[in-house]
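Peer 1: build me a model:
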Amino acid sequence: MITIPFKDQRSADGTRKQLQSLSSKIGVRLQPVFTSQKIGGVLKTREPKPEIISQQCVVYLFKCGLCDMACVGYTNRHLH
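Peer 2: Sure, this is the predicted structure:
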C-alpha cells in the first residue's frame, strides 16, 4: 500500500484518473488512498498560548524587559 498526501480535490481526481489508466494497462486494480494531515501535526508551536488570550474583561500586567517599569490595566476587549 502506498499512501499519497492529499493536496486538493483537483490533484486527487487527476491522480485517480492516472492510476485507473495504469491499472487497465497492467491488469491490476490500483486504488489510491489519500491522507490529510492536520496543520498542527506539521507545524508545532514553540510555546502554547495561555487561555486568557481569547477571553474578554481581563486585568493585565506587563513588565518591561529593559527596565523595572510595569503597567497594570484592564480591558473589556479581547487581549491580544
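
Peer 1: how about the helices of the chain, start to end?
Peer 2: Along the chain, the segments classed as helices by DSSP state H run 9-26, 39-42.

Peer 1: any idea which of the ones you listed is most buried?
Peer 2: Mean neighbour count, computed with mean count of other CB atoms under 10 Å, is highest for helix 9-26 among these, reaching a mean of 11. Placement of C-beta: from N, CA and C, glycine included.

Peer 1: can I get that one in PDB, CA atoms only?
Peer 2: The C-alpha trace of helix 9-26 is given here as PDB (Å, rounded to 0.1, in the frame of the first residue of the first chain):
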ATOM      1  CA  GLN A   9      -9.600  17.700  -4.800                       C
ATOM      2  CA  ARG A  10      -8.300  18.600  -8.300                       C
ATOM      3  CA  SER A  11      -5.000  16.800  -7.800                       C
ATOM      4  CA  ALA A  12      -6.700  13.900  -6.200                       C
ATOM      5  CA  ASP A  13      -9.000  13.500  -9.200                       C
ATOM      6  CA  GLY A  14      -6.000  13.700 -11.600                       C
ATOM      7  CA  THR A  15      -4.100  11.100  -9.600                       C
ATOM      8  CA  ARG A  16      -7.100   8.800  -9.500                       C
ATOM      9  CA  LYS A  17      -7.600   9.000 -13.300                       C
ATOM     10  CA  GLN A  18      -3.900   8.300 -13.900                       C
ATOM     11  CA  LEU A  19      -4.000   5.300 -11.700                       C
ATOM     12  CA  GLN A  20      -7.100   4.000 -13.400                       C
ATOM     13  CA  SER A  21      -5.300   4.300 -16.800                       C
ATOM     14  CA  LEU A  22      -2.300   2.500 -15.400                       C
ATOM     15  CA  SER A  23      -4.500  -0.100 -13.800                       C
ATOM     16  CA  SER A  24      -6.100  -1.000 -17.100                       C
ATOM     17  CA  LYS A  25      -2.700  -1.300 -18.800                       C
ATOM     18  CA  ILE A  26      -1.100  -3.600 -16.300                       C
END
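
Peer 1: where among the helices of the chain is average confidence lowest?
Peer 2: The minimum mean pLDDT among the helices of the chain belongs to helix 39-42 (a mean of 63).

Peer 1: any low-confidence regions in the chain?
Peer 2: By pLDDT under 70, the low-scoring segments of the chain are 1-4, 6, 34-45, 48-54, 79-80.
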